[in-house]
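Trainee: Provide a 3D model corresponding to the input given below.
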Amino acid sequence: MNKDICWLLKDKYNYSVNQISKFDINTASLNICQDIDRVANGEPVNYVIGWQEFLGCKIDLSYKPLIARVETEFWLKYVIDSIQMTNNNISVLDLCCGSGCIGISVLKHISKSFVTFSDISDNAISQTKLNLKINNITPERCTVVKSDLFEYIDTKFDFIFANPPYVDRNGFVPDSLKFEPEIAIFASDNGMEIIKIILGQFDNYLKLSGQLFMEFGYKQEETIKDILINTGKNNINIIQDQYNVNRVLHYRF
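Mentor: Below you'll find the predicted structure:
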């Protein structure tokens, strides 16, 4: 059986392993058949199920935000583990927050943290607020701001986490992406438009010794390095994902 259908039966319909092994579509309910059709037509199974797990958090997808990738989960766990070792109070900006999965994971795993969530999308803002409630994050530990990048951000942070749109619309685009919000995926200038804006402004929003972690796309690291070096920023590290692909810029003041 298709692994996505197995996943659907398990996570949405609470089928046991034994029930899945005996599943017969000819006797399945109308709802299950309709959901299987959605998956068969290319809709991401996470949307059909309605939520996904991300670093132990339940991330609702009712507003159809960008679906968090395993690559993002991988590098974020690495960063969270390193921050936990310091046991310091930290302030975090989750820029282009989407579903809120990055900032919520920080709040769940780092007790001495305060997170500001920011996104330009109304759907993303609504989705983040819902996910904060679902994951029992108290209002005292976070704030949510609708903002075009740094437009309405008026403070400085210990950390900025950013997963901006970075896919080149003119490059190869998998069919599955057509179900996800374009605003969270695509950027002009070979996918670099939003990244360049962030690189030109982020240092105004970091405290002394603050750090930026920003995800980027295939073969964008050299352009990113050139931009930083040309503006006198040399403390650059590139983090690879679990597939040994350059995935995240780490910049520290």
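Trainee: residue nearest the centroid of the chain?
Mentor: Centroid-nearest residue in the chain: Ala68, 4.6 Å away (criterion: CA atoms, centre = their mean).
Trainee: for that one, which non-adjacent residue is spatially closest?
Mentor: Cys101 (4.6 Å; CB to CB, 6 or more residues apart in numbering). Yep, even glycine has a C-beta here, placed from its N, CA and C like the rest.
Trainee: just to check, the one you found is in contact with Leu61?
Mentor: No: Cys101 is beyond contact range of Leu61, at 10.0 Å (criterion: CB atoms under 8 Å).
Trainee: tell me where the stretch 101-250 of the chain is predicted with low confidence.
Mentor: The stretch 101-250 of the chain contains no residues with pLDDT under 70.
Trainee: do a quick rundown of the strands in this protein.
Mentor: For the chain, strands defined by DSSP state E occupy the ranges 51-54, 57-60, 90-95, 113-119, 142-146, 157-162, 167-168, 186-187, 206-215, 236-240, 246-252.
Trainee: I'd like those written out as CSV, with distance to Leu130 added.
Mentor: Listed next are the strands of the chain as CSV, based on distance: least, CB to CB, whole Å:
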stretch, distance to Leu130
strand 51-54, 11
strand 57-60, 6
strand 90-95, 15
strand 113-119, 12
strand 142-146, 11
strand 157-162, 20
strand 167-168, 26
strand 186-187, 25
strand 206-215, 23
strand 236-240, 30
strand 246-252, 27
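Trainee: go ahead and produce PDB holding the CA coordinates of the helix ranked longest in the chain.
Mentor: When the chain is parsed with DSSP state H, its longest helix is helix 70-84. As requested, the backbone C-alpha atoms of helix 70-84 are provided in PDB (Å, rounded to 0.1, in the frame of the first residue of the first chain):
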ATOM      1  CA  VAL A  70      12.300  17.400   7.500                       C
ATOM      2  CA  GLU A  71      15.400  19.400   6.500                       C
ATOM      3  CA  THR A  72      14.100  22.300   8.600                       C
ATOM      4  CA  GLU A  73      13.400  20.100  11.500                       C
ATOM      5  CA  PHE A  74      16.900  18.600  11.300                       C
ATOM      6  CA  TRP A  75      18.800  21.900  11.400                       C
ATOM      7  CA  LEU A  76      16.500  23.400  14.000                       C
ATOM      8  CA  LYS A  77      17.000  20.500  16.400                       C
ATOM      9  CA  TYR A  78      20.800  21.000  16.000                       C
ATOM     10  CA  VAL A  79      20.500  24.700  16.900                       C
ATOM     11  CA  ILE A  80      18.000  24.200  19.800                       C
ATOM     12  CA  ASP A  81      20.400  21.500  21.300                       C
ATOM     13  CA  SER A  82      23.300  24.000  21.200                       C
ATOM     14  CA  ILE A  83      21.200  26.800  22.800                       C
ATOM     15  CA  GLN A  84      19.900  24.500  25.500                       C
END
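Trainee: got the domain ranges for this structure?
Mentor: Domains of the chain are assigned by automatic domain parsing as 3-49, 65-252.
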